[in-house]
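> Model the structure of this input:
(2 chains)
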Amino acid sequence: MKTTDSSGDVRLSGISKTYGSFTAVHPLDLTVPQGSFFALLGASGCGKTTTLRMIAGLEEPSSGTVHLGDQDVTALPPYKRPVNTVFQSYALFPHLDIFENVAFGLRRRGIKSVKKQVEDMLELVQLGEQARKKPHQLSGGQQQRVAVARALINHPKVLLLDEPLGALDLKLRRQMQLELKRIQTEVGITFIHVTHDQEEAMTMADTVAVMNAGRVEQLGSPADLYENPRTTFVANFLGTSNLIEAEVDSKSGDDIVLKAGDGKLVLPEARCAAPAGAGGKVLVGVRPEKISLTHADDAGEIPVGRNRVTGRIAATSFIGVSTQYIVDSAVCPELEVYVQNVDRDTRLVPGAEVVLHWSPAHTFGLDAAQDIDAGLEEEAAA
Amino acid sequence: MSTLTEAPPPLSPTAPEKKPPRRRGRWTPYWLLLPGLLWLLVFFALPMIYQASTSVQTGSLEEGYKVTWHFATYWDALSEYWPQFVRSVLYAAAATILCLVLGYPLAYLIAFRAGRWRNLIMILVIAPFFTSFLIRTLAWKTILADGGPVVGALNTLHVLDVTSWLGWTAGDRVLATPLAVVCGLTYNFLPFMILPLYTSLERIDGRLHEAAGDLYARPITTFRKVTFPLSMPGVVSGTLLTFIPAAGDYVNAELLGSTDTRMIGNVIQTQFLRVLDYPTAAALSFILMAAILFMVTFYIRRSGTEDLV
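Model prediction:
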């Protein structure tokens, strides 16, 4: 499929959904380019599924429009939209066998000779042998593949996936993530994938939109979202972040110098998502794996120019490839540090005095007016 | 108790509990079955045997009846009363179809569209049961009374001309006609149709409708290809629950019908209570039972409900 073709673009303009006084989705503008694998990521109740259902036509938007390519489909019922959905827990027709489930869409469009197409599609998802079984005779993973086949056989312009892997166990889920990614690359159809699993979104999608409370918090490539979160919600929901409250001291060149406790921290101005006037508050963020840990006795060996925070190890846990440390510091309690298990320093045990240091380039700045814990509970719940 | 030795832990009450309870539990299902089985034996199996023996007796009231294995009673009964058998099946079938036509939309409404009105509508469906069957049927006598508003309206709209031409009503009367009996049957057995329909419709996952719509099925196709097939268990049990009692009913024909609308139930009742010809009455009962069993078996085989989940 040509990448210049825009017939599979999904364009949402000012789309919103309210139920009585509750706003599920705030007016939202979003463009998903043809052929991309797009993920809507968020905790349950953030509006991601509602957004998906508005694209499918299963939910009527309270305002705004949905365009597929150049066609305005806002007023079209689901059965007239060139999109198909893989439903959460699949919604396979229990009274029809696998073959008829997959053939359903073709038959509804009046296509007579479905046999070849259905057989090819079942081959693609490796279910050729199961064609005459009923859905309840298949395992969860097989049912999931039937659901994908049933949607894909219609060659939709956009495939919508609503938590398609939620009912599978962890190992199968990893396997299906790769499988779905493979299928998407093969058929070149636009995939819009709704999930609460940040790892799933990051491994599969080209672009991720993180949603929270009916709004898109941030949109970007997985790496971009992870390295440059713009809000505390994104910083906490995607992976783990250490957020330290600091005060703007001065500017030097392209960097902002901040005061945290007695120490100074440096942050590239380009990576600060908050207005940084002198005296203003900023949350300084750094990912746990970016931090190095040095015992206080060796503090002199730390290269100059790195951000430093002193503290005492509160807890450690060994998890094979790395060791996770919780460090209590005067500037911030419970800082997390992940250290690769290359040369383990045996002095780094709970109670040890340590210095945390990292490159200023790995530091990001967030607006201190936000809830510092946003996204933490959601992640635990998801 | 001695103060020298420590009291042993109270073994006896807990000790048997620690054994695996499997052996004791083996008989539990049979114990639980026992009351039901006894009930069935005393109030179903024994009367059936008694009736069966009655049906092959000969004799008279004065001299008493004896078992003479006189199977000819069956043939005589059938050859004399076959029109009433046919009528019973036709009326019951008509009432069943009417119940399905009236009940399905209502059950569908309650299951999918009623929202917070669901419970209220359900109560309204069951409400007639709070009065006796007899009184409800008598009320229909008033509703369909000659010169009443219903008959008057039907007359004005010339509906009665059509139904009279079809032989369902007679002139400008509705009472004492087949239509009246079928109306009574339909009314009385409608809840038995609605409740199983509702139960099986309500069990259908709403996402299946969405999935069908998503796969290009218009609402009417969704109903034809998804909703209706999935509600088949309800359709089958609803039609059985309506047809079986309606075929054996005699109250509606008695109160709303005439001598021309007598159903087999009326014949059996008359034979038992007025003519006092017990063998014929018992033979008729058995023929009715056999006929219904035969039709139901055929029906269930045809509808293929055992294939449904």
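
> and the nearest residue to residue B:98 once chain neighbours are set aside, how many neighbours does it have?
Distances taken as Cβ to Cβ, 6 or more residues apart in numbering or on different chains place residue B:186 nearest to residue B:98, at 4.4 Å, with adjacent residues excluded. All C-beta atoms are positioned from the backbone trio N, CA, C, and that covers glycine. When neighbours are counted by other Cβ atoms under 10 Å in any protein chain shown, residue B:186 registers 23.

> Find me the pLDDT at residue B:106, would you?
Here the pLDDT value assigned to residue B:106 is 96.

> er, residue B:304 actually
For residue B:304, pLDDT reads 67.

> and if you look at residue A:263?
pLDDT recorded at residue A:263 is 84.

> is it true that it touches residue A:329?
No: the pair residue A:263 / residue A:329 is not scored as a contact, 9.4 Å apart, by Cβ atoms under 8 Å.

> Quickly list what's touching both of these two.
Counting by Cβ atoms under 8 Å, 6 or more residues apart in numbering or on different chains, the shared contacts of residue A:263 and residue A:329 are A:309, A:310.

> Pick out whichever of those two has more residues nearby.
Using other Cβ under 10 Å as the criterion, residue A:263 and residue A:329 rank with residue A:329 on top: 21 against 16.

> if we can go back for a sec, so how far is residue B:97 from the residue nearest to residue B:98?
9 Å (Cβ to Cβ, to the nearest Å).

> where does chain B dip in pLDDT?
B:1-24, B:304-309 (pLDDT under 70).

> Nearest spatial neighbour of the spatially most central residue of it, chain-adjacent residues omitted?
Computing the C-alpha centroid of chain B and ranking residues by Cα atoms, centre = their mean puts residue B:241 first, at 2.9 Å. Spatial nearest neighbour of residue B:241, chain neighbours left out: residue B:192 (4.1 Å); criterion: Cβ to Cβ, 6+ apart.

> Report the contact partners of that neighbour.
Neighbouring residues of residue B:192 by Cβ under 8 Å, 6+ apart: B:99, B:238, B:241, B:242, B:245.

> Buried ones in the strand or helix carrying it, by neighbour count?
Assignment of secondary structure by DSSP states H and E places residue B:192 within helix B:178-202. Neighbour-count burial for helix B:178-202, counted by 16 or more other Cβ atoms under 10 Å in any protein chain shown, picks out B:178-201.

> mind checking how far it is from the chain centre?
Helix B:178-202 has its C-alpha centroid displaced from the chain centroid by 9 Å (Cα atoms, centre = their mean, to the nearest Å).

> list the buried ones in whichever helix or strand comes after that helix?
Note on helix B:178-202: by DSSP H and E, the next helix or strand toward the C-terminus is helix B:206-214. By neighbour count on 16+ other Cβ under 10 Å, the buried set for helix B:206-214 is B:207, B:208, B:209, B:210, B:211, B:212, B:213, B:214.

> mind listing the helices for chain A?
Listed in chain order, the helices of chain A (DSSP state H) span A:48-56, A:98-108, A:115-124, A:140-152, A:170-187, A:198-204, A:222-227, A:232-237, A:376-381.

> what about the first one, near chain B?
Yes: looking at helix A:48-56 against chain B by Cβ under 8 Å from any Cβ of the partner chain, the contacts come from residue A:56.

> Quick one: list the elements packing against that helix.
strand A:10-19, strand A:22-32, strand A:37-41, strand A:83-86, strand A:158-162, strand A:190-195 (3 or more Cβ pairs under 8 Å, 6 or more residues apart in numbering or on different chains; DSSP states H and E).

> Mean neighbour count and distance to chain B added to those strands, as TSV?
Below are the helices and strands packed on helix A:48-56 laid out as TSV (neighbours: other Cβ atoms under 10 Å in any protein chain shown; distance: least, Cβ to the nearest Cβ, whole Å):
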stretch	mean neighbour count	distance to chain B
strand A:10-19	18	14
strand A:22-32	17	17
strand A:37-41	26	18
strand A:83-86	28	5
strand A:158-162	25	8
strand A:190-195	25	14
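
> Quick one: closest of the ones you listed to residue B:119.
Closest to residue B:119 of the helices and strands packed on helix A:48-56, according to Cβ to Cβ: strand A:10-19, at 22.3 Å.

> C-alpha coordinates for that closest one, CSV please?
Only the C-alpha atoms of strand A:10-19 are listed here, as CSV (Å, rounded to 0.1, in the frame of the first residue of the first chain):
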residue,chain,number,x,y,z
VAL,A,10,-8.6,9.1,10.6
ARG,A,11,-9.3,12.7,11.5
LEU,A,12,-11.2,13.6,14.6
SER,A,13,-12.1,17.3,14.9
GLY,A,14,-13.4,18.7,18.1
ILE,A,15,-15.0,15.4,19.0
SER,A,16,-16.5,15.0,22.4
LYS,A,17,-18.8,12.9,24.4
THR,A,18,-20.9,13.8,27.4
TYR,A,19,-23.3,11.6,29.4
